[in-house]
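S.K.: Have a look; sequence and predicted model below, questions after that.
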Amino acid sequence: MAASLITQLEPGSVVALHGDLGAGKTCFVQGAAKALGIEEEITSPTYTLINEYAANPPLFHIDLYRTDTPQEALNFGIDEYLESDGITLIEWADRAAELLPEHTMHVRIEAGAHENERTILITRIESPE
């Protein structure tokens, strides 16, 4: 699913990842990175907040789990990533929802009935013309 989605995105795309702890948000990022040809290990940047990966376009993986307010996200420069020419994937994006651009794609991941089963809902809210 992530590979299919990521190949359809253009530079400057922002993807907000939603789901409970352990739902598979980081696994989604791993699939996206693989589709972009990134071979290094993809881990959640829970403590570093942001991981940057060289690709065309570059991939920025942000984890807001340890932030409490949108201001904290601004303090570490999230706005620069939201306005970049890369693809930005944000775990726990709801913690800075008011900062997300209108063109943000939202991916909700929920655990299924079985251990390796997930339900994924992808939405994009377009602004009226």
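M.R.: Received it, and whenever you're ready, just let me know what you need. Numbers count the residues shown, from 1 in each chain.
S.K.: where does this structure dip in pLDDT?
M.R.: For the chain, the stretches with pLDDT under 70 are 125-129.
S.K.: element containing the residue nearest to the spatial centre of the chain, please.
M.R.: Per CA atoms, centre = their mean, the C-alpha nearest to the average position across the chain is that of Leu89, at 2.0 Å. Taking DSSP states H and E as the definition, Leu89 sits inside strand 87-91.
S.K.: Who are the packing partners of that strand?
M.R.: strand 14-18, helix 25-35, strand 59-63 (3 or more CB pairs under 8 Å, 6 or more residues apart in numbering; DSSP states H and E). For the C-beta atoms, the positions are set from N, CA and C on the backbone; glycine is no exception.
S.K.: Return the list of helices and strands in contact with the last one.
M.R.: Packed against strand 59-63, as judged by 3+ CB pairs under 8 Å, 6+ apart, are the following elements: helix 25-35, strand 50-53, helix 78-82, strand 87-91.
S.K.: Please identify the most buried of those.
M.R.: Mean neighbours per residue, mean count of other CB atoms under 10 Å, is largest over the helices and strands packed on strand 59-63 for strand 87-91, with a mean of 27.
S.K.: Kindly export that one (C-alpha atoms) in CSV.
M.R.: Output of strand 87-91 as CSV, limited to C-alpha atoms (Å, rounded to 0.1, in the frame of the first residue of the first chain):
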residue,chain,number,x,y,z
ILE,A,87,8.1,14.0,0.6
THR,A,88,7.3,14.4,4.3
LEU,A,89,5.7,11.6,6.3
ILE,A,90,4.6,12.5,9.8
GLU,A,91,3.8,10.0,12.6
